[in-house]
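[1] quick one, structure for this:
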Amino acid sequence: MTYSFVPILLMILAAAILGAVFLGLNTIIGKKQRNPSKLAPYESGVPLLDESRKRVNVKFYQIAMLFILFDIEAAFLYPWAVIYRNATLTPAGISWFVFGEMLVFVLLLGIGYIYVWKKRAFDWT
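    Numbers count the residues shown, from 1 in each chain. Okay, the predicted model is just below:
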């Protein structure tokens with residue numbers, strides 16, 4: 001059984017060694033020229049218009065994280081829908097286990113959504 005993991009371990013070891021070698025070569029051979037234009041901050045290749053750091057409301061980040069959370073959880077529905085027909089047909093008949101599993105998943109997702117809604121996390125104000 002451990003023989004099946006040997007190629008994976010060798011690949012991880014080779015990646016670690018190559019990464020260390022390339023980083024070492026970069027520190028030894030690489031140029032270390034610093035000038036003001038290289039040290040200046042920029043965003044997407046565009047210089048900053050002003051130097052003041054404006055505060056961003058925490059709600060913005062909270063809504064972004066909630067969107068990612070619910071979006072990723074909703075993405076689990078697509079593979080389930082694809083395999084649903086083949087997964088439920090068994091020699092003994094139709095199995096309701098796969099449907100019940102997804103029902104519990106959607107129920108927990110709905111409970112989380114209601115919880116977030118009650119906590120007023122979706123409000124911008």
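
[2] from here on, just use CA atoms for contacts and neighbour counts.
    Noted.

[3] from the chain's centroid, how far away is the helix or strand harbouring Val6?
    Element membership for Val6, per DSSP states H and E: helix 6-29. Remark: helix 6-29 is offset 25 Å from the chain centroid, using CA atoms, centre = their mean, to the nearest Å.

[4] and if you look at stretch 94-106?
    25 Å.

[5] list the buried residues of it.
    Met102, Phe105 (16 or more other CA atoms under 10 Å).

[6] and Lys54, how far is that from Ala40?
    The gap separating Lys54 from Ala40 is 18 Å, by CA to CA, to the nearest Å.

[7] list the contacts of Tyr84.
    Neighbour list for Tyr84: Val98, Phe99 [criterion: CA atoms under 8 Å, 6 or more residues apart in numbering].

[8] most distant residue from the middle of the protein?
    Computed with CA atoms, centre = their mean, the residue of the chain farthest from its C-alpha average is Ala92, at 39.3 Å.

[9] mind listing what it touches?
    No contacts exist for Ala92 under CA under 8 Å, 6+ apart.

[10] phi, psi for it please.
    Dihedral pair for Ala92: phi -80, psi -10, per degrees, to the nearest 10.

[11] how far away is it from Ala121?
    Separation of Ala92 from Ala121 (CA to CA): 47 Å.
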